[in-house]
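> predicted structure and sequence below. I'll ask about it afterward.
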Number of protein chains: 2
Amino acid sequence: MNAIGPWDRFGEVQEQVLRGGALLVARDGGGRPNAMTIGWLQVGTIWSRPVAHVLVRPSRYTHGCIERSGAFTVNVPVGTMDEELRVCGTRSGRDLDKFRELGLRTGPATAVEVPLLLDCSVAYECRVVARAELDPTGILDAGIHAKYYPRGDFHTLFFGEIVAAWDLTR
Amino acid sequence: MNAIGPWDRFGEVQEQVLRGGALLVARDGGGRPNAMTIGWLQVGTIWSRPVAHVLVRPSRYTHGCIERSGAFTVNVPVGTMDEELRVCGTRSGRDLDKFRELGLRTGPATAVEVPLLLDCSVAYECRVVARAELDPTGILDAGIHAKYYPRGDFHTLFFGEIVAAWDLTR
């Protein structure tokens, strides 16, 4: 795997995130990694650092994992891993060890205690530096409110400093 | 000017934002545009849409402008406009008509009621769809807290759907 800049391959990453998703990995209280499919991701500069922004509902198993471990990896399979994305988008780590079930190949990250998914194309290692909560007053678009928050389960916004980025294909 | 995708020229945009900044434009209550230099910017997919994320302290003149108008443009001068960035980063629109002072050339946006800066290289037209507030409990990195929030003036996070993106050089 080759180190890349945090902005490299951004177009491919965003196309994949929108079209098929990416895998957000964090460790649970027992130290086991869990993977959740995400279809939303922002990156860019905040606090003069490269930062990835992921949104996770408090009801998700991953939410507690990120809060506890303070770190996550974002693993982007460009054009591959459709079955893994489906399972990680529909099953909860509370009920299923998705790594064992799917045989996900992992390797150690270099700067956080959360593994990378070696069959992905691009991966970011992130250390959580900030969080914020969405609330009803913050959703200003009625269509977004109706489509994503009819039950009021607003996302937590997690901001992770990108401490390393990888091209895993080379 | 040529329409581009919301992820095009992302590497150049981020380099410029970090090195010199970009110009965040919004309209005040009298309909006058105001420009503020920003050094932080994220883009990516949220709510299955392309979204730009800008951070503005409530004390800033621009904060009220964005709240009132519900729209902004982000204008990125790649490698140019150092003086404009300096003035727009140090002077407030409360005290100075920065457009008149600097002779900023503007053109109409296509989808929002906020102008574009024609001497920039890349510009995004954004319609505010959500906002969130940072607070002391949300800043988990002590260095960020000490450097950016010693007076507790936490940023508002404004999320603007990118309804058009432009390469202004062609």
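Good, I have the coordinates.

> all helices of chain A, in order?
Counting by DSSP state H, the segments of chain A that form helices are A:10-19, A:61-69, A:82-90, A:98-102, A:142-148.

> dig out what the residue nearest the centre of chain A forms beta bridges with.
The residue lying closest to the centre of chain A (CA atoms, centre = their mean) is A:Leu24, at 2.7 Å. Beta-bridge partners for A:Leu24, by DSSP bridges, are A:Met36, A:Val74.

> can you name the residues of chain A sitting close to chain B?
A:5, A:7-8, A:10-11, A:14-15, A:17-18, A:39-48, A:51, A:53, A:55, A:70, A:128-135, A:138-141, A:144, A:147-148, A:157, A:161 (CB under 8 Å from any CB of the partner chain). Any C-beta I mention is one placed from the backbone N, CA and C, and that applies to glycine too.

> returning to what we had before: export the helices of chain A to CSV and tack on mean pLDDT and mean neighbour count?
Below are the helices of chain A laid out as CSV (pLDDT from 0 to 100; neighbours: other CB atoms under 10 Å in any protein chain shown):
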stretch, mean pLDDT, mean neighbour count
helix A:10-19, 96, 19
helix A:61-69, 96, 19
helix A:82-90, 96, 16
helix A:98-102, 95, 16
helix A:142-148, 98, 14
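
> nearest residue to A:Gly93 in space, please, no chain neighbours.
Leaving aside its chain neighbours, A:Gly93 sits nearest to A:Asn34 (3.5 Å; criterion: CB to CB, 6 or more residues apart in numbering or on different chains).

> next: A:Asp82.
Using CB to CB, 6+ apart and skipping residues adjacent in sequence, the residue nearest A:Asp82 is A:Gly20, 6.4 Å away.

> please tell me how far the one you found sits from chain B.
Using CB to the nearest CB, to the nearest Å, we find A:Gly20 at a distance of 12 Å from chain B.

> gap between A:Glu125 and chain B?
Counting by CB to the nearest CB - A:Glu125 and chain B are separated by 15 Å.

> looking at chain A, which residue lies furthest from center?
A:Ala142 (26.0 Å).

> who touches the residue nearest to the centre of chain A in this structure?
Listed by CB atoms under 8 Å, 6 or more residues apart in numbering or on different chains, the contact partners of A:Leu24 are A:35-38, A:54, A:56, A:62, A:72-75.

> how much space separates it from B:Leu140?
Noted for A:Leu24: a distance of 18 Å to B:Leu140, by CB to CB, to the nearest Å.

> go on, A:Asp119?
31 Å.

> confidence score at the nearest residue to A:Lys147 once chain neighbours are set aside?
With CB to CB, 6+ apart as the criterion, A:Lys147 has its nearest non-adjacent residue at 7.6 Å, and that residue is B:Trp47. Per-residue confidence (pLDDT) for B:Trp47: 98.

> can you check A:Arg57 too?
Predicted confidence (pLDDT) for A:Arg57: 98.

> for it, the count of nearby residues, please.
15 (other CB atoms under 10 Å in any protein chain shown).

> thought it was touching A:Thr156?
Yes. Using CB atoms under 8 Å, A:Arg57 makes contact with A:Thr156 at a distance of 7.3 Å.

> shared neighbours of the two, anything?
A:His63.

> can you flag the buried ones in the contacts of A:Leu24?
Buried members of the contacts of A:Leu24, counted by 16 or more other CB atoms under 10 Å in any protein chain shown: A:35-38, A:54, A:56, A:62, A:72-75.

> state the pair within the residues you listed that is farthest apart.
Spatially, the most separated pair among the buried ones among the contacts of A:Leu24 is A:Val56 and A:Asn75, at 15.3 Å (CB to CB).

> go ahead and confirm the residue nearest to A:Lys147 touches A:Ile144.
Yes. B:Trp47 lies in contact with A:Ile144 (CB under 8 Å); the separation is 4.9 Å.

> which residues do those two both contact?
B:129-130.

> where does pLDDT dip in chain A?
Low-confidence segments of chain A (pLDDT under 70): none present.

> which residue ranges form the strands in chain A?
Assignment of strands within chain A using DSSP state E yields the ranges A:2-3, A:22-27, A:33-38, A:41-46, A:49-56, A:71-76, A:106-107, A:116-117, A:122-133, A:156-167.

> most tightly packed of those?
Sort those by mean neighbour count, taking mean count of other CB atoms under 10 Å in any protein chain shown, and strand A:22-27 sits at the top with a mean of 27.
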